[in-house]
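Q: Next come a sequence and a model predicted from it.
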Amino acid sequence: MSHLFFVLAILLAFLLVVVCIPSIIKVSAKKHLFDSMDKRTIHKQLIPSLGGIAIFIGFIISTIVSTDGYSFDELKYIIAAIILVFFIGLKDDLIIVSNRKKFVIQIFAALLLIFFANVRLTDFHGFLGFHAVNYFISFLATLFLIILTINAYNLIDGVDGLASGLAIMAAFTFGICFVWAGEYEYAVMAFALVGSLLGFFIFNVFGTTNKIFMGDSGSLVIGLAMSVLLIRFNQIDASLNLPAYLQNAPAVSFAIVLVPLIDTLRVFVIRIRNGKSPFTPDTNHVHHRLLRLFGNHSKVTLTIVFVNGIFGLISFALNYLSINVNLQFLILIVLALIISYIPVSILLKV
């Protein structure tokens, strides 16, 4: 019976998004609500940037409906946090909001998750030598991870299908793992996110006259939802008789969302090193550099999603071989940094 709820979560979210987007595009055209054009803009025509509304509707409604019958008390707080970031993202899509205000709302949403939904990292599974940690460390680590993940998916949204493609793959992987671990309510949540993003992906990547962007209202919702799935995945009890990659959750979860996290940390370091705010927009992201090489959105998206998938497979293999979790992190980070530098080195020679 549970499997029917998983299918329902994907299909309902998908259908809701597919039904909503044409109306959103029509309203956007009548009210002239298009994505702004600036020197960093990659697209050349006016395109609506309110696809996040459809993602939000599909994800929230599908999650509520498909978890009916499950004990999911924290869901109301998760939804409340998602509503917070959705509306600040929507406001930014319409009239522009300062990075400081968006950051404050992200912190409020994170605190709501930590204190009320009890979404916290309480066990590091041996990462940095830690297992069970005290509340203070748990709080700081969780707050950092939530804010990082939100901004990672917000900043990676630079070419068609990239943020949604990466999130689809990550959410589906988490969903399968939650099924194996018996965390069915979080599996439903993950699959609802997959369904809503699949619906958006069609219009975003293959749309012509009906093309749409997700905007901050979409990327912030995706980032917050992914942070919840990421943290819950790391809370899977290591003492259970589960596959090896579930018992070494930190390294596996890191690999599943590796590209957005590594790319965000990398550009933050570059901006701070140059004396700028880490939230100052630029074209240092890996997708900008790949676009200069390929000149095609689809090739960039496929390349990055494929590479992220390879990292996921590598993490599964390392866990199967019972490699120490800290060594796994080191291997993944070194490989990621080497691969991220390849486009730079090629461009320097061109």
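A: That came through, no problem. These numbers come from a predicted model, not from an experiment.

Q: So which residues of the stretch 201-350 of the chain form strands?
A: Assigned by DSSP state E, counting those that start in this stretch, the stretch 201-350 of the chain shows no strands.

Q: got any ranges where it has weak pLDDT?
A: Within the stretch 201-350 of the chain, the stretches with pLDDT under 70 are 238-239, 244, 344-345, 347-350.

Q: Which residue ranges of it form helices?
A: Under the criterion DSSP state H, counting those that start in this stretch, helices of the stretch 201-350 of the chain are mapped to 215-234, 244-247, 249-256, 258-273, 286-294, 297-320, 325-349.

Q: just so I know, which of those lies nearest residue 126?
A: Residue 126 lies closest to helix 325-349 among the helices of the stretch 201-350 of the chain, at 4.8 Å (Cβ to Cβ). C-betas here are computed from N, CA, C, even on glycine.

Q: Any chance you could list what contacts the closest one?
A: Contact with helix 325-349 is made by 125-129, 248, 250-251, 254-255, 258-259, 262-263, 266, 286, 289-290, 292-293, 307, 311, 314-315, 318-319, 323, as judged by Cβ atoms under 8 Å, 6 or more residues apart in numbering.

Q: Next, count neighbours for the nearest residue to residue 48 once chain neighbours are set aside.
A: Nearest in space to residue 48, with sequence neighbours left out and distances taken as Cβ to Cβ, 6 or more residues apart in numbering, is residue 28 at 3.5 Å. Counted with other Cβ atoms under 10 Å, residues neighbouring residue 28 total 20.

Q: just residue 343 next, same as before
A: Residue 343: 20 neighbours (other Cβ under 10 Å).

Q: residues in contact with residue 316?
A: Taking Cβ under 8 Å, 6+ apart, one finds 245, 252 in contact with residue 316.

Q: measure it to residue 229 for me?
A: Distance of residue 316 to residue 229, computed by Cβ to Cβ, to the nearest Å: 17 Å.

Q: Also residue 280?
A: 29 Å.

Q: same question, residue 23
A: Using Cβ to Cβ, residue 23 is found at 29 Å from residue 229.

Q: neighbour count winner among these two?
A: residue 229 (28 against 11).

Q: need the next SSE after the helix ranked longest in the chain, C-terminal direction.
A: Identified as the longest helix of the chain according to DSSP state H is helix 2-31. From helix 2-31 onward toward the C-terminus, using DSSP states H and E, the following helix or strand is helix 51-66.

Q: So for that following helix, what gets flagged as buried?
A: Neighbour-count burial for helix 51-66 flags 51-60, 62-66 (criterion: 16 or more other Cβ atoms under 10 Å).

Q: Report the distance from that helix to the chain centre.
A: Relative to its chain's centre, helix 51-66 lies at 15 Å (Cα atoms, centre = their mean, to the nearest Å).

Q: now the angle from it to helix 215-234?
A: The directions of helix 51-66 and helix 215-234 differ by 40 degrees, with axes from the mean of the first three to the mean of the last three Cα atoms, to 10 degrees as the criterion.

Q: what packs against helix 51-66?
A: When contacts are defined as 3 or more Cβ pairs under 8 Å, 6 or more residues apart in numbering; DSSP states H and E, helix 51-66 packs onto helix 2-31, helix 75-95, helix 184-206, helix 215-234.

Q: Residue 145 is nearest to which of those?
A: Among the helices and strands packed on helix 51-66, the nearest to residue 145 by Cβ to Cβ is helix 215-234 (6.4 Å).

Q: quick check: angle from the closest one to helix 249-256?
A: Relative orientation of helix 215-234 and helix 249-256, computed by the same axes, to 10 degrees: 150 degrees.

Q: Now do helix 215-234: which elements does it pack against?
A: Counting by 3+ Cβ pairs under 8 Å, 6+ apart, helix 215-234 packs on helix 51-66, helix 75-95, helix 99-115, helix 135-155, helix 162-181, helix 184-206, helix 249-256.

Q: Residue 214 is nearest to which of the ones you listed?
A: Short answer: helix 51-66, nearest of the helices and strands packed on helix 215-234 by Cβ to Cβ, at 4.3 Å.

Q: what's the average pLDDT for the closest one?
A: In this model, helix 51-66 carries a mean pLDDT of 97.

Q: picking up where we left off before, including distance to residue 139, could the helices of the stretch 201-350 of the chain go into CSV?
A: Formatted as CSV, these follow (distance: least, Cβ to Cβ, whole Å):
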stretch, distance to residue 139
helix 215-234, 12
helix 244-247, 24
helix 249-256, 17
helix 258-273, 20
helix 286-294, 31
helix 297-320, 27
helix 325-349, 22
